[in-house]
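1. One predicted model, sequence on top.
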There are 2 protein chains.
Amino acid sequence: MKDNDLTQNIDLDDLGNRLFFRLYQCANMMHKTGTRALEETKITTQQWAIIGALARDGMEKGISVGDLTRFLLVSRQNLTGVLSRLEAHGLIERVVSPTDSRSRLIRLTEGGRAVWKNDMRDRIADFYDAALEGFSSTDKIHAIHYFDKLLQNMKQLDPDSQS
Amino acid sequence: MKDNDLTQNIDLDDLGNRLFFRLYQCANMMHKTGTRALEETKITTQQWAIIGALARDGMEKGISVGDLTRFLLVSRQNLTGVLSRLEAHGLIERVVSPTDSRSRLIRLTEGGRAVWKNDMRDRIADFYDAALEGFSSTDKIHAIHYFDKLLQNMKQLDPDSQS
DNA sequence: CATTTTATGTCAAGCTATTTACATTTTATT
DNA sequence: AATAAAATGTAAATAGCTTGACATAAAATG
């Protein structure tokens, strides 16, 4: 007799499909619930990623658009648009690089840094706590490890990521 | 003396940030490399998710837009647009439900099913193999488990997901 | 030094995604 | 049966993301 218990029995051939479909769903929900967690600040998850990157230590002098794309793994054409919106809202500024006049250094404004500290940081911490309910530190480290591995493999598939 | 080895030492307070940043990067790369894997078919990852859902057994009669949104975890307003494009390309069709005249049942056309079998399925399998290089079946199952857990937590944060 | 190649950022077009708002139909309530 | 409430799908506005094309500046090559 055949085994047709789909809820318990796992089809090994289908694991790739399952894994990527879950990743797809997680990404959808991360953007949806993450943006909602910052609803009052009118800041989206993508803007959050950029501001978070610029708020790190050592980023006071700014970072080029190119370096930012390599960090966030989005296209520089995309960043141009998001950065324009952030600039229009006074959160970041673009300064022509003193060493390379093609390059613009992106950095937080005073106001941007204040928004990060006063409006975003705590809400983001709360979001992480809620979304990672039931995850031990070990669970988180393991999950990060899988993400890293997946990321490395996909980078190898991406012509733009080939240094 | 302080420990400043950032490459090895892991800041436990920062795990949430790291995990979600990796998820963000993975999502970006999944859409980028996934869409490129199906480049010749002109089908995107989002369309792939829809077509894949419709190609499953039991979907021959079609599925409503509402059920599809609950499965894919995207808004129904979004689906309207993607479905219109898929319909314009002859891959899917919308049939008014015989039991509920508000509802439209979405299903693959003959041509859509052929594209799935002939053009998409093998390329997707190759993509999974490449992106999951070095993952054992156990790794995949564990990763899926973490995704599931994350998903459940985020669904609790989403008003739309509250049954 | 002149020319070619590469890197940097932007613009435009197309697809994806969300929210707000709406018309239609079904279901629940009275 | 009449009205209110909820569900279904769509349209429009805004934001995000990709590729292709472009202008400019720096680096490499001859």
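-> Cool, the structure landed.

2. Show me where chain A has its strands.
-> A:63-64, A:92-96, A:104-108 (DSSP state E).

3. Tell me how far the first one lies from the chain's centre.
-> Same thing as strand A:63-64. 17 Å (Cα atoms, centre = their mean, to the nearest Å).

4. With stretch A:126-145 instead?
-> Remark: stretch A:126-145 is offset 16 Å from the chain centroid, using Cα atoms, centre = their mean.

5. same deal with stretch A:85-92?
-> Its chain's average C-alpha position is 18 Å from that of stretch A:85-92, according to Cα atoms, centre = their mean.

6. which stretch among the strands of chain A comes nearest DNA strand C?
-> Taking Cβ to the nearest atom of the strand, strand A:63-64 is the member of the strands of chain A nearest to DNA strand C, at 3.4 Å. Just so you know, the C-beta spots here come from the backbone N, C-alpha and C atoms, and that holds for glycine as well.

7. How about the closest one and DNA strand D, any contact?
-> No - Strand A:63-64 lies out of reach of DNA strand D by Cβ under 7 Å from any atom of the strand, never closer than 11.9 Å.

8. Kindly report the same for stretch A:81-97.
-> Yes - Stretch A:81-97 is in contact with DNA strand D by Cβ under 7 Å from any atom of the strand, via A:G81, A:V82, A:R85.

9. Next, the angle from the longest helix along chain A to helix B:15-37.
-> Taking DSSP state H as the criterion, chain A has its longest helix at helix A:15-37. Orientation check (axes from the mean of the first three to the mean of the last three Cα atoms, to 10 degrees): helix A:15-37 against helix B:15-37 gives 120 degrees.

10. which residues does the nearest residue to A:V95 once chain neighbours are set aside contact?
-> Nearest residue to A:V95, sequence neighbours excluded (Cβ to Cβ, 6 or more residues apart in numbering or on different chains): A:L105, at 4.8 Å. Shown in contact with A:L105 (Cβ atoms under 8 Å, 6 or more residues apart in numbering or on different chains): A:K61, A:G62, A:I63, A:S64, A:R94, A:V95, A:V96, A:S97.
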